[in-house]
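> After the sequence you'll find the predicted model.
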Amino acid sequence: MSQRISDEVVASALGESRTGPSSGRHGNALAHSHKVGSPPRKTLFEDIKLSVKEIFFSDNPVKEFKDQTLGRKLVLGLEAVFPILRWARGYNFKSFRGDFISGLTIASLCIPQDIAYAKLANLDPEYGLYTSFVAPLVYAFMGSSRDMAIGPVAVVSLLLGTTLSDEIKDFHDPNYLRLAFTATFFAGVTQMTLGVLRLGFLVDFLSHAAIVGFMAGAAVTIALQQLKGLLGIVTFTKKTDIISVMRSVWSTVHHGWNWETIVIGMSFLTYLLVTKYIAKRKKKLFWVAAIAPMISVILSTLFVYITRADKKGVAIVRHIKKGVNPASAGEIFFSGKYLAAGARIGVVAGMIALTEAIAIGRTFAAMKDYPLDGNKEMVAMGTMNIIGSLTSCYVATGSFSRSAVNFMAGCKTAVSNIVMSIVVLLTLLVITPLFKYTPNAVLAAIIIAAVVGLIDIEAVILLWKIDKFDFVACIGAFFGVIFKSVEIGLLIAVAISFAKILLQVTRPRTIVLGKLQGTSVYRNINQYPRASQIPGMLIIRVDSAIYFSNSNYIKERILRWLTDEDVQRIGSEFPRIQYLVIEMSPVTDIDTSGIHAFVELYKSLHKREVQLLLANPGPIVMEKLHASKLTNLIGEDKIFLSVADAVATFGA
């Protein structure tokens, strides 16, 4: 009976019209039905344990090992390190048929790309092929993505080419190659360390907007660099910024361009772009674009060989070393003046490679709806690049263009990478001498056609529509790359990403709430203009955790809201504000600075004869309010389960 009476009283208090004064005005607050509960107190050890678990082990990686025998745990451990042991048990001929076709298709795409990308890194062509032989084999055993095709990529190749040449100008210096292996080794160490320590969340600090801008800028820079090969220019700048490149291009227009090279390059570039357009319009014809680079290499090589265009100034590959990867463990700098440079370049290249690979892996995993463990991917990538550095490879990662072809060709598992690797091995053992007359102009055309896909205009337009700050981050990274360097563009991308995080943390939103008519729901008055404010009350929601970085701002912002509202209500029928309600459901945490800010807010409100009310604080916040005795200062009866309860108790 008493519960029924209480419900009727609350319903009456929430009604649109009331008769008589609020009992809250007379000091006898209406009793609300529910008290805000406090969670059981945790010890310091329990608190730290929970925090560490959520940060590093949120996916509970050891749940499969629970209550298992020692032998079973060993099997599960091996399967965790080598996922191939898990899915290989159900592998069949039907899956192999799909993987075999996919592997052959991406091999036809990767071989000409590898030769071209090695040139971007200022390495001999065979090192691109070495990388596409070893790295995919390692990843097939340790990676968890079924669709990602592994090998050298344009952005990382350019990054290595520019950063390595800053340290050693002469590409033919043996130390240049050793520094490339050293950077690859430290790239692998960086990736493996992030995976083993379960620090995969660090990759997420580079925002999608920054990546879009960085990739687009890198694509433009890479394409401009190919003008040397496309136009047949002999003397070309080693700088990558757009001004230096265009100055180098136009300064040689009357005496440095080779028209035979231009004809070959532009003809095959047109062919490659047309095949990409056809494949984009008709998905079933994806293979047309996939085999186009290999067809271009074959036809152009035959043309140069028959016409001997190389004697008329057409630059050719000339020589690709035949044979399998030589060991390079003894070439890595573990001491000396190049050690620090190799480690620095490796860390940057490793992070960029990792970001690209995880983005690609997640994209295709979402399409096929299977799980992808980011930390395991990092360990796989790290192991792959460490082994690669010992076998004459440079930094490898997932390639978006090859992965897309792999996906559309019907791959089922990572066996497609193994097939591709075997084809590359056969190429190294048998076919490499046939690439002698391949013109550099065709390799330049292949690179330009490949990087065009990195410029995502639709994504940039969407960024402008959704979030202007994201758009600024994108454009900042883009211009940083094309006007300065890849490293500067990356630095700008990271800086803007962190700036956005800091801005959101230090300047969280605080909004005024109003009551939707006929309900007990309170919403943003800007979003819902017909929501009515409560006479004598101001209801504010804080949309953030309250920390040292924003506590003072939140306190001052709330007081500004109070001052502004008081001014607006002076000339209206609303009475002056006597109660300030803070809706705390979005406040996930609060620290000592936040508690101190609430104490100061309470004192400021007390001087203004305004009472502070709290609504729906979460368990962590409530625990800290009790621990700090703030509940005693504010009053237990001033902390409510909801805004509706607060209004029912103290509202006019």
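On my side now, so go ahead.
> Tell me how many other residues crowd residue 180.
30 (other C-beta atoms under 10 Å). For the C-beta atoms, the positions are set from N, CA and C on the backbone; glycine is no exception.
> for the one 10 residues further on, same thing?
Using other C-beta under 10 Å, residue 190 has 23 neighbouring residues.
> Which helix or which strand is home to it?
Taking DSSP states H and E as the definition, one finds residue 190 inside helix 174-196.
> Quick check: next helix or strand after that helix?
Per DSSP H and E, helix 174-196 leads on to helix 208-225 as the next helix or strand towards the C-terminus.
> buried sites along that next one?
209-225 (16 or more other C-beta atoms under 10 Å).
> Sketch out the low-pLDDT regions of this protein for me.
The model of the chain has pLDDT under 70 over residues 1-35, 37-44, 46-47, 49-61, 204, 571-572, 652.
> let's go with 50 and repeat that
Applying pLDDT under 50 to the chain flags residues 1-32.
> what residues go with each domain of it?
Following automatic domain parsing, one gets these domains for the chain: 2-38+507-650, 93-502.
> And what about residue 67, helix, strand or coil?
coil (DSSP: H, G, I helix; E, B strand; the rest coil).
> I'd like to know how many residues surround it.
Neighbours around residue 67, by other C-beta under 10 Å: 5.
> Helices of the stretch 301-450 of the chain, start to end?
Along the stretch 301-450 of the chain, the segments classed as helices by DSSP state H, counting those that start in this stretch run 339-368, 374-389, 400-408, 415-426, 440-451.
> closest one to residue 127 among those helices?
The minimum distance between residue 127 and the helices of the stretch 301-450 of the chain falls on helix 374-389, with 10.2 Å, by C-beta to C-beta.
> Determine the set of other helices and strands touching that closest one.
Helices and strands touching helix 374-389, by 3 or more C-beta pairs under 8 Å, 6 or more residues apart in numbering; DSSP states H and E, are helix 126-142, helix 174-196, helix 339-368.
> Which of these sits closest to residue 453?
Here helix 339-368 is closest among the helices and strands packed on helix 374-389 (C-beta to C-beta), at 12.3 Å.
> and that closest one with helix 374-389, angle?
130 degrees (axes from the mean of the first three to the mean of the last three C-alpha atoms, to 10 degrees).
> any chance of the helices of the stretch 301-450 of the chain in CSV, plus mean neighbour count?
Listed next are the helices of the stretch 301-450 of the chain as CSV, based on neighbours: other C-beta atoms under 10 Å:
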stretch, mean neighbour count
helix 339-368, 20
helix 374-389, 25
helix 400-408, 24
helix 415-426, 23
helix 440-451, 27
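> between those, which gets nearest to residue 625?
Here helix 374-389 is closest among the helices of the stretch 301-450 of the chain (C-beta to C-beta), at 35.9 Å.
> Is residue 582 in contact with residue 543, as I believe?
No - proximity of residue 582 to residue 543 does not meet the contact threshold set by C-beta atoms under 8 Å, at 11.6 Å.
> who's more crowded, the two?
Legend: neighbour count by other C-beta under 10 Å for residue 582 and residue 543, higher for residue 582 (23 against 14).
> tell me the phi and psi of that one?
phi -110, psi 110 (degrees, to the nearest 10).
> again, but for residue 532
phi -100, psi 140.
> tell me which residues form a beta bridge with it?
Here residue 532 sits in beta bridges with residue 515, as judged by DSSP bridges.
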